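> Need coordinates for the following:
(one chain, ligands or ions: 1)
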Amino acid sequence: MTAGPAALNGPAAVKRIEARVVDVDAEGRGLAEMGGMPIRVDGALAGERVAIDKLRRRRRFNEAKLVEVLEPSPQRTQPSCVYFHLCGGCRFQHLKLEAQQARKQRILEQALSAHGVAAPQKWFPPITGPELRYRRKARLGVKFVPGKGGALVGFREKRGRFIADIQRCEVLVPSVGDRIRALRELVSSLSARDRIPQIEIAAGDNATALVIRHLDPLNEADQNALRNFACSQRLSIYLQPGGIDSMVPLWPQNPPALRYQIPEFDLDLAFEPADFVQVNAAVNRALVSRAVSWLKPGSSARVLDLYSGMGNFSLALARRGGWVSGVEASARMVAAARRNAESNAIANASFEVADLEHPGEVAQALRGAFSAMLLDPPRSGAARVVEQLAAPYPSQIVYVSCNPESFARDAAVVTQRHGYWLESAGIVDMFPHTGHVELIAQFSKVTR
Ligand SMILES: C[S@@+](CC[C@H](N)C(=O)[O-])C[C@H]1O[C@@H](n2cnc3c(N)ncnc32)[C@H](O)[C@@H]1O
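Predicted structure coming up:
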């Protein structure tokens with residue numbers, strides 16, 4: 001390798017050069033080093049020797065184009081999706097699944113170590129499920145681009161802001177992933193084709209809903225085209241003219257509630273297209289199973305489920321006994337949880353609305369003696385909750401997280417300030433082929 005940092009000056013391409021890739025970032029880009037300068041190389045994997053060109057100096061990093069992999073990593077695999085190199089929906093299809101999971105495990109270990117949290121006494125193997133056709137909730141971008149022959153529908157490109165030009169998607173559930181082309185044709189046929197910025201998808205075990213965001217009112221012809229599509233494709237279509245609360249069904253007029261089952265707990269749960277649901281049905285079933293087996297609620301248990309959504313964990317816990325209190329910020333989801341308790345004949349669970357960022361509401365939620373607690377916060381974590389933990393402490397805490405960084409920060413408080421120890425933890429491969437890292441961990445109270 002002869003080129004040094006000087007090769008980065010100027011916007012134009014330089015001759016092909018060789019570099020060694022030392023790491024991969026969260027977006028799946030290889031990080032090579034040349035003359036002491038880090039360079040991002042999309043598509044390259046750690047340990048590979050690669051040929052690169054088109055070196056460019058960017059404001060925050062330098063980047064180069066991968067020309068050829070000269071020495072491939074043993075962990076490299078052929079991406080199954082033909083759009084992998086273009087579409088930003090998946091970042092790691094070129095890395096074997098086990099290596100993706102090992103990477104997620106390393107990220108969790110590094111986050112714990114950075115926050116001074118001792119490794120768990122026991123690491124559990126990752127919770128895994130299908131690697132393709134798993135994603136039942138997503139927001140797809142829409143853009144009418146006459147030069148591309150009509151509307152684009154999909155995730156954003158890996159590089160840049162544009163919607164990827166794809167005809168199908170392998171990670172979305174088939175009811176949508178196999179219909180990307182049909183959706184493109186549908187949007188292209190509408191007179192409001194350049195006034196539709198996104199389509200939200202939500203799929204249950206029984207039905208699939210599309211929520212069409214539109215910036216101007218849709219005329220009768222467009223509405224009819226959408227109705228015909230919904231009818232012929234056996235989908236529910238909702239219109240969303242404004243914020244999420246403006247969503248109304250277009251066809252059928254009374255769409256079936258979306259539902260999913262968790263057979264181990266004899267649960268049949270209903271949700272609305274706008275509600276949060278865990279995106280991977282099979283992984284969710286295993287995740288709920290693990291949370292319940294770790295918390296082991298008995299008939300005298302009092303379990304507090306914070307960030308309870310529409311009752312995904314609470315109702316499974318309630319099936320095993322005791323009393324479960326769910327707390328959640330969204331009134332709509334609390335109402336859904338209560339309906340789910342009723343429709344599943346569960347009388348030992350209650351749900352309340354509270355903002356767990358608000359100290360007074362956290363204090364209220366934590367009032368009372370709970371034998372166990374489950375936390376499943378959004379990406380920002382549960383800082384306020386763990387700050388305000390106090391005696392009488394629950395003997396077990398299970399923490400489900402979609403962000404190792406906020407989890408590790410909260411774990412430091414739970415272990416160092418409140419005297420719990422991190423008993424078990426493991427990765428949850430909820431989003432295979434993406435950079436999302438999810439995990440489940442169990443804390444036990446040290447008895448003195
Ligand atoms: C990761 S989801 C988990 C939902 C549920 N446990 C499940 O498995 O489906 C996080 C939940 O936290 C709720 N949430 C977000 N911010 C909150 C807050 N400040 N206070 C209470 N709940 C909040 C969201 O509405 C969402 O339902």
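> Number of residues surrounding the closest residue to Gln75 other than its chain neighbours?
Of all residues not flanking Gln75 in the chain, Ala99 sits nearest, at 3.9 Å (C-beta to C-beta, 6 or more residues apart in numbering). (Each C-beta comes from the backbone N, C-alpha and C, glycine too.) Number of residues near Ala99 (other C-beta atoms under 10 Å) recorded here: 18.
> Is Ala99 located within a helix, as I assumed?
Yes: the assignment for Ala99 by DSSP: H, G, I helix; E, B strand; the rest coil puts it in a helix.
> burial of Leu66, as a residue count?
21.
> Any figure for the gap between it and the ligand?
Distance from Leu66 to the ligand, counting by C-beta to the nearest ligand atom, to the nearest Å: 35 Å.
> Verify the stated contact: that residue with Leu55.
No: counting by C-beta atoms under 8 Å, Leu66 stays clear of Leu55, with 11.8 Å between them.
> follow-up on the earlier one: these two touch, right, the residue nearest to Gln75 and Gly47?
No: counting by C-beta under 8 Å, Ala99 stays clear of Gly47, with 10.7 Å between them.
> ok, whichever residue of the stretch 51-200 of the chain sits closest to the ligand - how many residues close by?
Residue nearest to the ligand within the stretch 51-200 of the chain: Lys137 (10.5 Å; C-beta to the nearest ligand atom). Using other C-beta under 10 Å, Lys137 has 19 other residues around it.
> Tell me how many other residues surround the nearest residue to it once chain neighbours are set aside.
Spatial nearest neighbour of Lys137, chain neighbours left out: Val279 (4.8 Å); criterion: C-beta to C-beta, 6+ apart. Around Val279 sit 21 other residues, with neighbours defined as other C-beta under 10 Å.
> ok, now which ones touch Val279?
134-138, 430-431 (C-beta atoms under 8 Å, 6 or more residues apart in numbering).
> now with 7 Å?
Applying C-beta atoms under 7 Å, 6 or more residues apart in numbering to Val279 gives the contacts 135-137, 430-431.
> I'd like to know how far Leu287 sits from Ser232.
Distance of Leu287 to Ser232, computed by C-beta to C-beta, to the nearest Å: 36 Å.
> who's more crowded, these two?
Leu287 (23 against 9).
> quick check, the helix or strand hosting that one touching the ligand?
Using DSSP states H and E, Leu287 falls within helix 281-295. No: figure legend: helix 281-295 not in contact with the ligand (C-beta under 6 Å from any ligand atom); closest approach 7.3 Å.
> Distance of the closest residue to the ligand within the chain relative to Phe271?
In the chain, the residue that lies nearest the ligand is Gly309 (2.8 Å; C-beta to the nearest ligand atom). Using C-beta to C-beta, Gly309 is found at 9 Å from Phe271.
> Give me the contacts around stretch 111-124.
109, 404-405, 407-409, 411-412, 415, 422-426, 441.
> So which of these wins on neighbours?
Phe407 (30 neighbours).
> how about it, phi and psi?
phi -60, psi -50 (degrees, to the nearest 10).
> Could you list the alpha-carbon positions for stretch 249-265 in CSV?
Extracted in CSV, the C-alpha atoms of stretch 249-265 (Å, rounded to 0.1, in the frame of the first residue of the first chain):
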residue,chain,number,x,y,z
PRO,A,249,-60.0,2.9,7.6
LEU,A,250,-60.7,3.1,3.9
TRP,A,251,-61.3,-0.6,3.1
PRO,A,252,-62.8,-2.7,4.6
GLN,A,253,-64.9,-0.1,6.3
ASN,A,254,-64.6,-2.1,9.5
PRO,A,255,-61.2,-3.8,9.2
PRO,A,256,-60.5,-6.9,11.2
ALA,A,257,-58.3,-6.2,14.3
LEU,A,258,-54.7,-7.3,13.7
ARG,A,259,-54.0,-10.3,16.0
TYR,A,260,-51.1,-12.5,17.0
GLN,A,261,-51.0,-15.6,19.1
ILE,A,262,-48.6,-16.7,21.8
PRO,A,263,-49.7,-20.4,22.1
GLU,A,264,-47.5,-21.2,25.1
PHE,A,265,-49.6,-18.8,27.2
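> Now that stretch: buried residues?
Residues of stretch 249-265 classed as buried: 249-251, 255, 257-260, 262, 265 (neighbour count, 16 or more other C-beta atoms under 10 Å).
> Same check on stretch 133-140?
Those buried within stretch 133-140 under the rule 16+ other C-beta under 10 Å are 133-138, 140.
> got those residues as a markdown table, with distance to Asp245 and pLDDT columns?
A markdown table is the format used below for the buried residues of stretch 133-140 (distance: C-beta to C-beta, whole Å; pLDDT from 0 to 100):
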| residue | distance to Asp245 | pLDDT |
| --- | --- | --- |
| Arg133 | 31 | 98 |
| Tyr134 | 29 | 98 |
| Arg135 | 25 | 98 |
| Arg136 | 22 | 98 |
| Lys137 | 18 | 98 |
| Ala138 | 20 | 97 |
| Leu140 | 21 | 98 |
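> The residue nearest to Gln75 and Arg76 touch, don't they?
No: using C-beta atoms under 7 Å, Ala99 is not in contact with Arg76; the gap is 8.8 Å.
> Could you say whether Val386 sits in a helix, a strand or coil?
Here Val386 is helix, with the state taken from three-state DSSP.
> burial measure for it, as a count.
The burial count for Val386: 23, using other C-beta under 10 Å.
> who touches it in this structure?
Val386 makes contact with 410, 413-414, according to C-beta under 7 Å, 6+ apart.
> what does the stretch 151-300 of the chain have sitting close to the ligand?
Contact residues, the stretch 151-300 of the chain versus the ligand (C-beta under 6 Å from any ligand atom): 276-278.
> Adding distance to Leu218 and pLDDT, write those out as CSV.
Output for these, formatted as CSV (distance: C-beta to C-beta, whole Å; pLDDT from 0 to 100):
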residue, distance to Leu218, pLDDT
Phe276, 27, 96
Val277, 27, 98
Gln278, 32, 98
